[in-house]
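1. with the input below, show me the fold.
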Amino acid sequence: MRAAVGLAMILAAATFASAAVAGQAAEVVKVEGGQVRGRVAGDVLSFKGIPFAAPPVGDLRWRSPQAVRPWDGVRDAGAYGHDCMQVPFPSDAAPLGTAPDEDCLVLNVWRPARASGKLPVLVWIYGGGFVNGGSSPAVYDGSAFAREGLVLVSFNYRLGRFGHFAHPALTAAGEGPVGNFGLMDQHAALNWVKRNIAAFGGDPDQVTVFGESAGGMSVTNLMGAPAARGLFRRAAIMSGGGRGPAPLRRMSEDLPGLPSAETIGVNFAKANGIAGDGPQALKALRALPAPAVAKGVSLAELFAGPPADPPTWTGPFQDGVTLVGANPDLFARGAMATMPLMVGATGADIGFLAARSKDELFASFGEDRDKARAAFDPSGQAPLAKLTQVVGRQAFMIEPARYLASEMTAAGQPAWHYRFSYVARSMRPEWDGAPHATDIPYAFDTVAAKYGDKLAPEDAAIAQTFHAYIVNFAKTGDPNGAGLPAWPRYEPRSDALLELTMDRGPVVGPDPLRPQLDLVAARARSASPSPAR
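-> Residues are numbered from 1 along each chain as shown. Presented below is the predicted three-dimensional model:
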């Protein structure tokens, strides 16, 4: 009997070894919590809806992510789990593929169906203003990255008031860290990757994190958080700003014109008929129906009219753990993690700037007001609305991308700066530039899912190029590779960048916006001076 068992074990080991040599991936993988079964589609193996934390429902609403609850047997991982609770809107650039729900702390993994050795890992963080978004949209499918020999991971994190909320009753409960629960989810997901990704053939020591918009902002938050040290080695930021507001909102300290997160939480409680700061208040808050907590907090609603007065939504705030300070201050103090960086924005990115007249707009440049007028409105004929749009997008997204590249270069790390100015052929009658988030399907090489039968050959070619740069960066820390235009590291003196254009494809050269961006940078420094190095 023992001999038979021993022979069976030897045969099983031999079978496993031969499969490993052949590079055949297992469809059933053991992770924290139990076993999961994936799906093979052609040359890609995917696992979807894997829990990385306990469902944050009931008494776990507004708690830091808790340990995964084990399951029996083999869990099917063939479909996405719920995206996190939110109010979706029809014009979302990446429409959700699932119904939102509070039970949403799951992640997805794509890898080659056949591969050998440890594979580099790329972790995606979606955008959506910290109020919308999820990992299920079709344009976030990781198959193209898997076909290039990477392990792609995407995950959900809590949004809106579920993800960012403070209240004196919550603080008094003493249940652990409070406040930026969505950012805590990001830490938890990356820690899960560190502990579990080897089971999928991924290398936990070769992790690159990339994100767009709020996802890009999250990347810089992770770079600035001591608790995230060692969880990733490279970063790519797409339209993620970079300078950020100063000062940042605080947990419990009201600042002039900037109420604390706890004050805003009290406002929300009062709006729902909940008073007090003890256990009963917290119990009543947690008993609110999920739609009541999500109400009024979506990108469409937030920008539909004037902000609520008093405010009932906070967004991320300084908590000393997941968000420890403004980026300029962290760079100045040497407190920002430094690593190879790929960073950029779209040519017609998002931005917010209010001015009642051109004089007011250019006065915001201080001593450079006349230079700004000459740079942005040389003929004097530009409409005010157009000027505020251009200066706004440069101040909010385009110049901060260059700023991050410059800071990382100054810290002794390689950085590559890009601008995505390409517009899909079918959208050129509607768009005069590449809007915010339109680069995402090109990064994932999912333009066919985005544009369908309207996809033009030149659209697909740009997608292959942009995608290849990201693949190379995740594999080596350098986006350059065979068949691609040489993309030099960012250097402030030359100010060179890669621009993906409509008429000339990928072009490398001095930034054509440099005169304007230099003025925008000076404006930002004068508005929020950072400590001297």
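2. from here on, just use CA atoms for contacts and neighbour counts.
-> Fine.
3. OK, contacts around Ala198?
-> 118, 204 (Cα atoms under 8 Å, 6 or more residues apart in numbering).
4. just to be sure, it is in a helix?
-> Yes: assessed with DSSP: H, G, I helix; E, B strand; the rest coil, Ala198 lies in a helix.
5. how much space between it and Ala269?
-> Noted for Ala198: a distance of 44 Å to Ala269, by Cα to Cα, to the nearest Å.
6. likewise for Arg428?
-> 46 Å.
7. would you tell me what the next helix or strand after the longest strand along the chain is?
-> Secondary structure of the chain per DSSP state E: the longest strand is strand 202-212. Next helix or strand after strand 202-212 toward the C-terminus (DSSP states H and E): helix 214-224.
8. circling back to that earlier point, Arg428 and Ala269: which is more packed in?
-> The neighbour comparison of Arg428 against Ala269 (other Cα atoms under 10 Å) goes to Ala269, with 22 against 13.
9. that one against Leu285, yeah?
-> Yes: counting by Cα atoms under 8 Å, Ala269 does reach Leu285; the two are 7.0 Å apart.
10. show me the shaky parts of the stretch 301-450 of the chain.
-> For the stretch 301-450 of the chain, no stretch has pLDDT under 70.
11. now with 90?
-> 301-309, 352 (pLDDT under 90).
12. same check, this time on the chain
-> In the chain, residues with pLDDT under 90: 1-26, 89-94, 115-116, 244-247, 301-309, 352, 527-533.
13. pick out the residue closest to the middle of it.
-> Gly215 (1.3 Å; Cα atoms, centre = their mean).
14. wait, that residue touches Val123, no?
-> No: applying Cα under 8 Å as the test, Gly215 and Val123 come out as separate, 10.8 Å apart.
15. quick one: the strands in the stretch 201-350 of the chain, in order.
-> Using DSSP state E, counting those that start in this stretch, the strands of the stretch 201-350 of the chain run over residues 202-212, 234-238, 341-346.
16. all the helices of the stretch 351-500 of the chain, in order from the start?
-> 358-363, 369-376, 384-393, 399-410, 440-444, 447-451, 457-476 (DSSP state H, counting those that start in this stretch).
17. out of those helices, which comes closest to Ser116?
-> Proximity to Ser116, assessed across the helices of the stretch 351-500 of the chain by Cα to Cα, is greatest for helix 457-476 (14.7 Å).
18. report the angle between the closest one and strand 341-346.
-> Counting by axes from the mean of the first three to the mean of the last three Cα atoms, to 10 degrees, helix 457-476 lies at 160 degrees to strand 341-346.
19. any buried residues in helix 457-476, and which?
-> Buried residues in helix 457-476, counted by 16 or more other Cα atoms under 10 Å: 459-460, 462-475.
20. go on, stretch 303-313?
-> For stretch 303-313, by 16+ other Cα under 10 Å, it's 312-313.
21. endpoints of that stretch, how far apart?
-> 13 Å.
22. name the residues that touch it?
-> With Cα under 8 Å, 6+ apart, stretch 303-313 has contacts from 160-161, 165, 264-265, 267-268, 297.
23. so how far is that stretch from its chain's centroid?
-> Centroid displacement of stretch 303-313 relative to its chain, using Cα atoms, centre = their mean, to the nearest Å, is 24 Å.
24. before we move on, what about stretch 341-360?
-> 19 Å.
25. kindly check the end-to-end length of it for me.
-> Start-to-end, stretch 341-360 (Cα to Cα) is 36 Å.
26. same question for stretch 101-118.
-> End-to-end distance (Cα to Cα), stretch 101-118: 35 Å.
27. next, the buried residues of that stretch.
-> 101-115, 118.
28. again with stretch 444-454
-> For stretch 444-454, by 16+ other Cα under 10 Å, it's 444-448, 450-451.
29. any idea how far that stretch is from the middle of the chain?
-> For stretch 444-454 - counting by Cα atoms, centre = their mean - the centre lies 21 Å from the chain centre.
30. likewise stretch 310-329?
-> 16 Å.
31. one more: stretch 93-110?
-> 14 Å.
32. please apply the same query to stretch 53-60.
-> On Cα atoms, centre = their mean, the centre of stretch 53-60 falls 23 Å from the chain's centre.
33. which residues sit against it?
-> Looking at what lies outside stretch 53-60 - Cα under 8 Å, 6+ apart - the contacts are 62-63, 65-69, 102-106, 188, 286-287.
34. let's see it at 7 Å
-> 65-69, 102-105, 286 (Cα atoms under 7 Å, 6 or more residues apart in numbering).
35. narrow the residues you listed to those in helices?
-> Arg286 (DSSP state H).
36. from the contacts of stretch 53-60, which land in strands?
-> Per DSSP E, the contacts of stretch 53-60 never map to strands.
37. which one of the contacts of stretch 53-60 is nearest Tyr418?
-> Leu105 (32.4 Å).
38. next, the closest one: phi, psi?
-> phi -80, psi 80 (degrees, to the nearest 10).
39. okay, it and Trp62: tell me how far apart.
-> For Leu105, the distance to Trp62 - Cα to Cα - is 13 Å.
40. could you do Lys358 as well?
-> From Lys358 to Trp62 the distance is 45 Å (Cα to Cα).
41. between those two, which is the more surrounded one?
-> Trp62 (27 against 17).
42. shouldn't the more buried one be within a helix?
-> No: counting by three-state DSSP, Trp62 is located in no helix; its state is coil.
43. contacting residues for it?
-> Neighbours of Trp62 in contact, by Cα under 7 Å, 6+ apart: 162, 181.
44. then Lys48?
-> 77-80, 107-109.
45. Ala375 too?
-> Contacts of Ala375 (Cα under 7 Å, 6+ apart): Gln516.
46. let me know whether His417 touches Arg402 as I believe.
-> Yes: in this structure His417 lies within contact range of Arg402 using Cα atoms under 7 Å: 6.5 Å.
47. rewinding a little: got CSV for the strands of the stretch 201-350 of the chain, with distance to Phe352 and mean neighbour count too?
-> Formatted as CSV, these follow (distance: least, Cα to Cα, whole Å; neighbours: other Cα atoms under 10 Å):
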stretch, distance to Phe352, mean neighbour count
strand 202-212, 17, 23
strand 234-238, 18, 27
strand 341-346, 15, 28
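48. now those as CSV including distance to Gly73?
-> Formatted as CSV, the strands of the stretch 201-350 of the chain follow (distance: least, Cα to Cα, whole Å):
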stretch, distance to Gly73
strand 202-212, 24
strand 234-238, 36
strand 341-346, 41
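49. phi, psi of Gly149?
-> phi 90, psi 20.
50. what sits closest to it if chain neighbours are left out?
-> The spatially closest residue to Gly149, leaving aside those adjacent along the chain, is Pro112, at 6.2 Å (Cα to Cα, 6 or more residues apart in numbering).
51. so how far is Gly42 from the one you found?
-> From Pro112 to Gly42 the distance is 9 Å (Cα to Cα).
52. run the chain-centre distance for stretch 270-284.
-> 33 Å.
53. now do the end-to-end distance for that stretch.
-> 11 Å.
54. also stretch 48-64?
-> 23 Å.
55. show me what counts as buried in that stretch.
-> By neighbour count with 16+ other Cα under 10 Å, stretch 48-64 contains the buried residues 48-57, 61-64.
56. and of the residues you listed, the nearest to Arg147?
-> When the buried residues of stretch 48-64 are compared against Arg147 (criterion: Cα to Cα), the nearest one is Lys48, at 17.1 Å.
57. does the residue nearest to that closest one when sequence neighbours are not counted count as helix, strand or coil?
-> Leaving aside its chain neighbours, Lys48 sits nearest to Asn108 (4.3 Å; criterion: Cα to Cα, 6+ apart). Of the three states, Asn108 takes strand under three-state DSSP.
58. ok, now which ones touch Asn108?
-> 47-50, 153-155.
59. give me the beta-bridge partners of it?
-> Ser154 (DSSP bridges).
60. number the residues from 884 up from this point.
-> Will do, 884 is the new start, and the previous item becomes Asn991.
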